[in-house]
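In: Give me the fold of what follows.
(4 chains)
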2 protein chains.
Amino acid sequence: MAKLAVKLQDVAKAAGVSRGTASNVFSRPEIVREEMREKVLAAAKQLGYAGPDPRGRMLRAGKVNAIGVAGAWPLSYFFDDPFARVVMEGIGDVCEEFGAGISLISALDERQVSWSIQSALVDGFILFCMDHGSHLIQMTRERKLPFVALDFPTAEPDVPGLWVDDLAGARLAAEHLIGLGHREFAVLALPATESAIGPVRAERLLGSIYTGTRDRMRGYFDVLATHGIDTDQVPIYETDNDEATTRAGMDYLFSGGRKPKAILAMSDRTALTAIDWLTERGIRVPDDVSIIGFDGVPEGVRSIPPLTTIAQPMLDMGRRAARMILDTKQEKTREVVKLTLVVRGSTARPS
Amino acid sequence: MAKLAVKLQDVAKAAGVSRGTASNVFSRPEIVREEMREKVLAAAKQLGYAGPDPRGRMLRAGKVNAIGVAGAWPLSYFFDDPFARVVMEGIGDVCEEFGAGISLISALDERQVSWSIQSALVDGFILFCMDHGSHLIQMTRERKLPFVALDFPTAEPDVPGLWVDDLAGARLAAEHLIGLGHREFAVLALPATESAIGPVRAERLLGSIYTGTRDRMRGYFDVLATHGIDTDQVPIYETDNDEATTRAGMDYLFSGGRKPKAILAMSDRTALTAIDWLTERGIRVPDDVSIIGFDGVPEGVRSIPPLTTIAQPMLDMGRRAARMILDTKQEKTREVVKLTLVVRGSTARPS
DNA sequence: AGGACAAATTGAACCGATCCAAGAAAAATG
DNA sequence: CATTTTTCTTGGATCGGTTCAATTTGTCCT
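Out: Just a heads-up that it's a prediction; the model follows:
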């Protein structure tokens, strides 16, 4: 069961040839005479040689043929989070095309991050930042391998990356509802700081450390204000983007005397939970209340009703990021990707 | 932008120390005198040394600290398929615990497989076989690294692996429906060969090359026959485990004069599609028709109605497989894992 | 047979580090 | 001050291959 330590050297000796020839037998068989080749192959078989060890080959070649994907979350998130999953699919497509592998890296705590990043056997990194990532970026830069940041709209201008235009996206969402004739809004927000605190005022979100939260908030209220809505009267509930806090948020938003007829949710996850909450209480979506999400998660297609949302081109983002790393000809740049309004069944004119 | 070729050697020279000392500065800083250490660190910084290259370290150490997960499907499947995803979460948990990375390997076509398997930089493999995998196993064995096969109930006794008891699981499903009083069955089957062909007789499935298909079929009919049901009269439709063929199957099953009141679906995926199909036609589940799935996919919890199913302990399987590879103390064995009946809302007494 | 040219083989250098026995320097002891 | 310890440092060996210039072998032609 223990791994046999048969190496190329041994095979060569057994076959009575030089190491160089033995190497050629495996990596460029066409240049060695058939007779020799067979002798070496026979020796290899007899010794139980498993073929050239990729470690040695790789050290020489300098290429690993794999790309590392790091995110500041547990590994399981890659398979669990709808956003991450679709991006990963895109990355997978391109890796396949280039014959490269994917290494998943968890960058949860700082200590571990720096170690994982420093010791990952990859040719480049895709960083899933989601805002918290400046430390991640710092570490990665020190590794001196190509990398691309995803969704990290950092101020540093020399970080190659891809991110979405949250501001424009949020505007799209608000304009859609306004266009339908809505006037009574509520916002289900993402956290402004480490963890959410419940009912809040817009100012808190506008000053958020997370650009996503900040820009989406701004986009919403810009549009509402432009259309003469008193944004001070629009209730906002800050969620942790999970089911529990979203439900608490819905309890809050619908507890007052004036109930909203249009909900701007900063994520599909909260939007979908909100739909569940409403449906359970017999409030019809979109007849009684319209909801628009944000992200364009696949679940939104199959929900009842299907979710109207602002879609991020996740698959495409994954593909582009992977290309930036694998396609060496391609330049690594900072690109802003456009969000699109996807109208499905969760929004309608107010009754 | 090009990677600087600064190596330990250069740093050592610049700092005026030996390579050995320079190495120690990075990997065992405590054994080198502070003065030296600073000198080396300064030189490293000045030269822009990115720290010890993991490739060199790894070659020496002989360990890569990563585990390869290979499946006979596109990489995107890892993030798309509900079953694979949950197993991956389990694998991820354990990898995190051991500080190991995950490398995803696509083993789609033969040529590519052998290359990927042979050149993957990993300490061991988890093979997602799903029946097609004997070639995959062969290749992996040649690599002489530890590996575990998942769901590959191969006859070869010396392949360490984990697989489910499909036969017992299928019995559980059939017994559940019989227990509720059902007598009018239909089966939504998985493919018996490369691709499904529509309405079939049990014999075809019982002779399937896929043990999953075969054993599930056998489990169902064993129980039905035991309870005096004429299995020849039970319609069976072979699907490709996707939406299109499942819908075609439903069309078929409900086109005849005698409509089934209980559906045995060999996968949750088909079961969920079947529920959609029925609901769209105003046929109530479970009031008019009961459905039981197979797999225990997460989506089943949130479907309407929630899906009664035979659950595979996917998370646990992933965890155990990963442990077999990473925990060197642990023996690699062949283990059969138990399936459990999870009763949710898609089954009820016949009306 | 001799010479020219092509094809196959060799052996050393290299990829980038870690490890370890042995030697050197510093500190402690008599 | 000489001697013994203790603490660092050194250089060579090693991990497992690939590559390439130089050399050997083989083929072909006259």
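
In: isn't there a helix covering A:Ala42?
Out: Yes: assessed with DSSP: H, G, I helix; E, B strand; the rest coil, A:Ala42 lies in a helix.

In: Skipping adjacent residues, who's closest to it in space?
Out: Among residues not flanking A:Ala42 along the chain, A:Ala15 sits closest, at 7.4 Å (Cβ to Cβ, 6 or more residues apart in numbering or on different chains). (Glycine included, C-beta is placed from N, CA and C.)

In: separation between that neighbour and DNA strand D?
Out: For A:Ala15, the distance to DNA strand D (Cβ to the nearest atom of the strand, to the nearest Å) stands at 13 Å.

In: same deal with A:Trp277?
Out: 59 Å.

In: Who are the contact partners of that residue?
Out: By Cβ atoms under 8 Å, 6 or more residues apart in numbering or on different chains, the residues touching A:Trp277 are A:246-247, A:250.

In: what residue ranges in chain A are flagged as low confidence?
Out: Low-confidence regions of chain A, defined by pLDDT under 70, span residues A:1-4, A:130-133, A:153-155.

In: What ranges does the stretch 201-350 of chain A have for its helices?
Out: A:202-206, A:211-226, A:243-253, A:268-280, A:299-302, A:314-326 (DSSP state H, counting those that start in this stretch).

In: re the thing from before, pick the one among the contacts of A:Trp277 closest to DNA strand D.
Out: Taking Cβ to the nearest atom of the strand as the measure, DNA strand D sits nearest to A:Thr246 out of the contacts of A:Trp277, at 53.0 Å.

In: is it true that the closest one touches A:Asp276?
Out: No: if you go by Cβ atoms under 8 Å, A:Thr246 and A:Asp276 don't touch, sitting 9.1 Å apart.

In: For the two, indicate the residue with more neighbours.
Out: A:Thr246 (25 against 18; other Cβ atoms under 10 Å in any protein chain shown).

In: With A:Ser267 as the reference, measure out to the more buried one.
Out: Using Cβ to Cβ, to the nearest Å, A:Thr246 is found at 9 Å from A:Ser267.

In: ditto for A:Ala5
Out: Computed with Cβ to Cβ, the distance linking A:Ala5 and A:Ser267 is 53 Å.

In: residues contacting A:Leu108?
Out: By Cβ under 8 Å, 6+ apart, the neighbours of A:Leu108 are A:72-74, B:96.

In: before we move on, the earlier item: so for A:Ala5 and A:Ser267, which residue has more residues nearby?
Out: Between A:Ala5 and A:Ser267, counted using other Cβ under 10 Å, the more crowded position is A:Ser267 (24 against 7).

In: next one: phi and psi at that one?
Out: Main-chain torsions, A:Ser267, degrees, to the nearest 10: phi -150, psi 160.

In: Quick check: it vs DNA strand C, distance?
Out: The separation that A:Ser267 has from DNA strand C, given Cβ to the nearest atom of the strand, amounts to 42 Å.

In: picking up where we left off before, ok, which of the helices of the stretch 201-350 of chain A comes nearest B:Asp316?
Out: Closest approach to B:Asp316 among the helices of the stretch 201-350 of chain A is made by helix A:243-253 (23.8 Å; Cβ to Cβ).

In: thinking again about what came up before, CSV for the contacts of A:Leu108, including distance to DNA strand C?
Out: Below are those laid out as CSV (distance: Cβ to the nearest atom of the strand, whole Å):
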residue, distance to DNA strand C
A:Ala72, 26
A:Trp73, 28
A:Pro74, 28
B:Glu96, 23
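
In: contacting residues around A:Ala149?
Out: Taking Cβ under 8 Å, 6+ apart as the test, what A:Ala149 contacts is A:127, A:129, A:133, A:137, A:159-163.

In: got a winner among those residues for most neighbours?
Out: Result: A:Leu127 is most packed of those (other Cβ under 10 Å), 27 neighbours.

In: That residue and A:Pro146 touch, don't they?
Out: No: using Cβ under 8 Å, A:Leu127 is not in contact with A:Pro146, being 11.3 Å away.

In: Relative to DNA strand C, which residue of the stretch 201-350 of chain A is the closest?
Out: For the stretch 201-350 of chain A, Cβ to the nearest atom of the strand, closest residue to DNA strand C: A:Thr328, 17.0 Å.
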